[in-house]
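> got a sequence here, can you model it:
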Amino acid sequence: MKTTGAPFDCDREGNGVAVAAVLLAAGVARRMGRCGSHKLLAEFDGTPLVRRSAIVALQARVSSVTVVTGHRHADIIAALDGLDLRYAQNRDYASGVATSLITGFMTDEAKRADGVLIINADMPRITSEDLDTLIEAFCRSQGRAIVCSAARGRRGNPAVLPRSLYDNILGLQGDVGAQHLIETSGIGVIEINFDEETLSDVNTPEAILAAGGILGR
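This next block holds a predicted model:
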């Protein structure tokens, strides 16, 4: 299996811009209702969604992949067994996505990087090539801009956030994530447009089945 790739060399001197990936896999997924299944353990082509998302991240041009866990921490860890990942457990995951972003950004891997690629673990159609497109645009900005995915004008994850936003991220609270920073940070934003299907997530049992998944435990 391909492991994390080397950073892109973006300038004429050949200096690279390092991007670390943070995979958000901590949420409760309340929209799954009373079915009892965890959306990230739903299987796509025989692979749990969270594992599929981690493999996609590992195959992108990133320096590391850190998985932020929370809800059903042990089950998520078990689904990722054998992969070259780092882990950061968010014990306050129920308070909203802000705590997961903060948990991811406080890791040594994120602190050392020029930018952090934020990936939601519930997007079954994202590919490593899609992630590399975002990373390359970030490199070409010399690590200064936010690079986000967009579909029909709606911005969101996956997105690369530069190191300059570190303090902004630590100040987030509640159910506020990267989209808030994209809209309010005041630094340049580069949009990479994808079709809606590529950026679709699976938050309900119906969405999982419609995307070709099988409900897990």
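
> which helix runs longest in this protein?
What stands out as the longest helix in the chain, according to DSSP state H, is helix 128-140.

> tell me what it is packed against?
On a contact count with 3 or more Cβ pairs under 8 Å, 6 or more residues apart in numbering; DSSP states H and E, helix 128-140 meets strand 19-25, helix 49-58, strand 115-120, strand 146-151, strand 154-162, strand 189-193. No exception for glycine: its C-beta is placed from N, CA and C like everyone else's.

> quick check, pLDDT for the closest residue to residue 143 other than its chain neighbours.
For residue 143, ignoring the flanking residues on the chain, the nearest one in space by Cβ to Cβ, 6 or more residues apart in numbering is residue 114 at 4.0 Å. pLDDT recorded at residue 114 is 96.

> got the phi/psi numbers for residue 114?
The phi and psi values for residue 114, taken as degrees, to the nearest 10, are phi -80, psi -30.

> isn't it up against residue 63?
No - in this structure, residue 114 is not within contact of residue 63 by Cβ atoms under 8 Å, at 9.4 Å.

> overlap in contacts of these two?
Residues within reach of residue 114 and of residue 63 at once, by Cβ atoms under 8 Å, 6 or more residues apart in numbering, are 18-19.

> looking at this protein, which helix or strand does the model trust least?
In the chain, no helix or strand scores lower on mean pLDDT, DSSP states H and E than helix 178-184, which sits at a mean of 81.

> in which helix or strand does residue 209 reside?
In the assignment (DSSP states H and E), residue 209 maps to helix 205-210.

> mean confidence for that helix?
Mean pLDDT, computed over helix 205-210, is 89.

> quick check: buried residues in it?
For helix 205-210, the neighbour count (16 or more other Cβ atoms under 10 Å) marks 205, 207-208 as buried.
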